[in-house]
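S.K.: Generate coordinates for the sequence data below:
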Amino acid sequence: MLPKNFSDFPNNHKIDIYAIAEPAKEVGGDFHDFFLIYKNKLAILIGDVSGKGIPAALFIVVAKTLIKNSAQSGNSPEEIFKNVNKTMCQDNNQNMFVTTWMGILKIDTGKFTFVNAGHNPPILIKNNNHTFLKSKPNFVLGGMENTEYHQNEIFLKDEEKIFLYTDGITEAINKMTKLLEKNVYLKL
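M.R.: Numbering: from 1, shown residues only. So this is what the prediction gives:
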């Protein structure tokens with residue numbers, strides 16, 4: 001389900017994409033995706049579903065499919081999340097939800113429009129400086145009907161990077177910090 005072809009995507013020397021996913025179990029709850037919209041826009045997506053195992057994996061499939069279909073229709077990120085949330089709230093008897101972040105890059109201008117539904121904020125890397133890419137707070141997808149989503153935009157320049165991650169990164173850092181605080185060191 002996760003994309004694996006990162007080479008010179010989308011045949012543009014200005015764009016370089018790479019992703020890695022290492023699930024905690026056989027079936028993970030984290031996901032990412034990237035795809036073209038009308039040859040001139042690149043959508044990137046990352047998220048984490050509540051729960052684990054097969055039900056979480058199926059919920060991811062639904063979320064990714066709904067997001068991609070809505071994006072391919074030319075909707076803005078805030079419209080995409082509003083539509084997807086409405087659909088995911090219907091018949092959600094298990095009360096599952098998805099934290100998700102999505103950005104759409106207009107390749108020729110660098111205009112980058114993004115929306116965050118309760119996910120970790122990405123990191124903007126600019127001139128070797130790292131800052132969180134702040135956005136208006138929004139609620140998770142599938143959590144509550146009639147939620148409004150608000151998007152943000154910036155203009156990305158050459159050599160600027162966006163680093164996306166899930167809570168697996170922050171949890172690993174927190175575990176390591178606790179070990180170090182207890183003077184327990186791991187030799188790798």
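
S.K.: quick one, strands of the chain?
M.R.: With DSSP state E as the criterion, the chain has strands at 30-37, 41-49, 98-106, 111-117, 123-126, 129-132, 152-155, 161-163.

S.K.: and the gap between the nearest residue to Glu160 once chain neighbours are set aside and Leu45?
M.R.: Nearest non-adjacent residue to Glu160, counting by C-beta to C-beta, 6 or more residues apart in numbering: Lys126, 5.0 Å away. Placement of C-beta: from N, CA and C, glycine included. Computed as C-beta to C-beta, to the nearest Å, the Lys126 to Leu45 distance reads 22 Å.

S.K.: Which of these two has more residues huddled nearby?
M.R.: Leu45 (23 against 12; other C-beta atoms under 10 Å).

S.K.: hey, what's that one bridged with?
M.R.: Asp33, Met102 (DSSP bridges).

S.K.: and Gly47, how many neighbours does it have?
M.R.: Residues lying near Gly47 (other C-beta under 10 Å) number 25.

S.K.: residues touching the nearest residue to it once chain neighbours are set aside, list them.
M.R.: Closest residue to Gly47 apart from its sequence neighbours, by C-beta to C-beta, 6+ apart: Thr100 at 3.8 Å. Remark: with contacts taken as C-beta atoms under 8 Å, 6 or more residues apart in numbering, Thr100 is in contact with 45-48, 63, 67, 81, 116-119, 140-141.
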